[in-house]
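S.K.: Let's see this in three dimensions:
(chains A and B)
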Amino acid sequence: MQRIKIHRLLKSAAPIEAVLVMGWVRTKRDAKGFSFIELNDGSCLTNLQVLADEALPNYEEIRRLTTGSAVAVQGELVPSKGQGQQWELKATQVSLIGTAPETYPLQKKRHTDEFLRSIAHLRARTNKYGAAFRIRSELAYAVHRFFQERGFRYIHTPILTASDCEGAGEMFRVTTLPPGIHEIEEDFFGVEANLTVSGQLEAEMLALALGDVYTFGPTFRAENSNTRRHAAEFWMIEPEMAFCDLQEDMALAEALIRFLTGHVLDHCAEDVNLFARFVDKNLLPQLELLANAEFARVPYAEAVAILEKSKQPFEYPVSFGIDLQSEHERYLTEQHFGKPVIVYDFPKTIKPFYMRLNDDGRTVASMDVLVAGIGEIIGGSQREERYEMLAERMAQMNLSKEKYWWYLESRQYGSVPHSGFGLGFERLIMLVTGINNIRDVIPFPRTPRSIDF
RNA sequence: UCCCCGAUAGCUCAAUCGGCAGAGCGGGUGGCUGUUAACCACUAGGUUACAGGUUCAAGUCCUGUUCGGGGAGCCA
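M.R.: Reported below is the predicted structural model:
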């Protein structure tokens, strides 16, 4: 008999005479002469209630089934006589596949996130983490769908790289040299190699060939960041579009966020409701807002003026030229506008070399998308496509022309205006689930001093 | 990296002013009931993170270390 997944079984319109399911025991309730087994196979949040009675030949074994055990159950799908579920499986055969002794650490009560992080190899078997990782999968699919439907090409940029997307952060060194040996010419590549911090520079090259492209892959930052919003290894989505200015870039960023939140509302209702009930009471209104409200757009200079007029007791004083601090971003998106905000045209002094200089000579065509609870979820810009301007910016920032020769050369051969942005995938998952720690939206998180599993 | 907070049974937490280390859940045993985080009874379970110090007496006070969390910076 072929195995059926529980999420399909529970959607059944009629009783089914014989089915086979396999999964893990979440809990068991014994009565005299029969037992209820809550079975979960990961295909959905809801458990299947299995009714096993003493007529089964191995009923003694079933009585001893423990939480966490893996079983295969054959039986008949029948309407449940009890409250709380439409269907239940009346077992005709229950076979034990894998036992779980009483040391199994997951209980049916609530555990803390901190404890579950210490058993990351098992936490996906809980309701919350199972739901989070199902949503993660669904979001990844939706990202591809969004771009593919708009004619974007999915490209793969290198993970090992010798280039350095200046300003993106500290890098992990990759080497085959034994400890203590420092002769770089002896190393695998003969030059310093690192894990990528961004695929942007390479994505630009592909955009200047294929038109509209996007990357979606792992990136690495060796920053000693100890916050709930930073991980050393995270996934980033980076579209790059030829013949595209900052206005169109912002429009795409907004469309992407709205599409993804809408997709999750439409396709992950059961899992989203779990988060709305137990993690963030305000989640559903937030998601509706993200999916439906037009994002506010405000130039940096105007954002600074709003903050100056706000009379808020900011820890960091505001004036033109400062980078916006977390408290400023929060005020703008959570209080002043009450919805997502795109701040654009930042001073050139606080932004990297590749952003396009505006005509005012002091700002660049950059933008940050700010959302409640998280702050910056997207950072992007129109890239400097003019060779002379780019070379001058690099000289001002003491970057070597030799190292970026290929990047510069792209501005000499058919250079066109182009734009792109980076979206942190984990921050997106935090946004749509209400989970407030990045360590809980990636199955096996990497943070400073933490690389277990 | 900086600031703040924390670490007590497998898990979640109590323990008053420095004075006998406890409960719920989970585990075990038995009972009971178409149950729903089932219920009832009994039961086992502790180097109070680690190392030092103060004190007649330390889970509690002091110093250091480790680990965890929150905030900040860096950023996505």
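S.K.: for chain A, longest strand please?
M.R.: For chain A, the longest strand by residue count, based on DSSP state E, is strand A:16-31.
S.K.: I'd like the C-alpha coordinates of the helix or strand just after that one written as CSV, please.
M.R.: The element immediately downstream of strand A:16-31 (helix or strand, assigned by DSSP states H and E) is strand A:34-40. What follows is strand A:34-40, C-alpha atoms only, in CSV (Å, rounded to 0.1, in the frame of the first residue of the first chain):
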residue,chain,number,x,y,z
PHE,A,34,-7.9,1.7,23.5
SER,A,35,-5.5,4.6,22.9
PHE,A,36,-5.4,7.8,20.9
ILE,A,37,-2.1,8.5,19.2
GLU,A,38,-1.4,12.0,17.8
LEU,A,39,0.6,11.4,14.7
ASN,A,40,2.6,14.1,12.8
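S.K.: Next, count neighbours for A:Asp30.
M.R.: For A:Asp30, the count of nearby residues is 13 (other Cβ atoms under 10 Å). Placement of C-beta: from N, CA and C, glycine included.
S.K.: A:Gln247 - that's part of a helix, no?
M.R.: Yes: inclusion of A:Gln247 in a helix is indicated when DSSP: H, G, I helix; E, B strand; the rest coil is applied.
S.K.: What is the burial count for it?
M.R.: Residues near A:Gln247, counting by other Cβ under 10 Å: 14.
S.K.: Same check on the one 4 residues further on?
M.R.: Around A:Ala251 sit 14 other residues, with neighbours defined as other Cβ under 10 Å.
S.K.: Then it would be within a helix, right?
M.R.: Yes: residue state for A:Ala251 (three-state DSSP) corresponds to a helix.
S.K.: domain ranges for chain A?
M.R.: A:6-98, A:123-440 (automatic domain parsing).
S.K.: Is RNA strand B within reach of the longest one?
M.R.: Okay, so that is domain A:123-440. Yes: contact of domain A:123-440 with RNA strand B is found when judged by Cβ under 7 Å from any atom of the strand, involving A:167-169, A:198, A:221, A:223-232, A:234, A:236, A:316, A:323, A:325-327, A:375-379, A:422-424, A:426-427, A:436-439.
S.K.: re earlier: let's see the longest strand of chain A as CSV, backbone CA atoms only.
M.R.: What follows is strand A:16-31, C-alpha atoms only, in CSV (Å, rounded to 0.1, in the frame of the first residue of the first chain):
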residue,chain,number,x,y,z
ILE,A,16,-11.3,6.0,3.0
GLU,A,17,-11.4,2.3,3.5
ALA,A,18,-7.6,1.6,3.7
VAL,A,19,-4.7,4.1,4.0
LEU,A,20,-1.1,4.0,5.2
VAL,A,21,0.5,6.8,7.0
MET,A,22,3.9,7.2,8.6
GLY,A,23,5.0,9.7,11.1
TRP,A,24,6.2,10.5,14.7
VAL,A,25,4.1,10.2,17.8
ARG,A,26,3.5,13.6,19.3
THR,A,27,1.5,12.3,22.3
LYS,A,28,-0.7,9.4,23.3
ARG,A,29,-3.8,9.3,25.5
ASP,A,30,-4.7,5.9,26.9
ALA,A,31,-8.1,4.7,27.9
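S.K.: and the host helix or strand of A:Tyr214, what other elements does it pack with?
M.R.: Element membership for A:Tyr214, per DSSP H and E: strand A:212-220. Here strand A:212-220 touches helix A:127-149, strand A:153-154, helix A:200-210, strand A:233-242, going by 3 or more Cβ pairs under 8 Å, 6 or more residues apart in numbering; DSSP states H and E.
S.K.: What are the buried residues along it?
M.R.: For strand A:212-220, the neighbour count (16 or more other Cβ atoms under 10 Å) marks A:Asp212, A:Val213, A:Tyr214, A:Thr215, A:Phe216, A:Gly217, A:Thr219, A:Phe220 as buried.
S.K.: got a list of contacts for it?
M.R.: A:140, A:143-144, A:147, A:150-157, A:159, A:171-172, A:195-199, A:203, A:206-207, A:232-242, A:244, A:425 (Cβ atoms under 8 Å, 6 or more residues apart in numbering).
S.K.: what does stretch A:161-180 give?
M.R.: By Cβ under 8 Å, 6+ apart, stretch A:161-180 touches A:160, A:183, A:186-189, A:191-198, A:200-201, A:220-223, A:232, A:351-354, A:397, A:399, A:403-404, A:407.
S.K.: let's see 7 Å
M.R.: Residues outside stretch A:161-180 that contact it (Cβ atoms under 7 Å, 6 or more residues apart in numbering): A:160, A:186-189, A:191-198, A:200-201, A:220-223, A:352-353, A:399.
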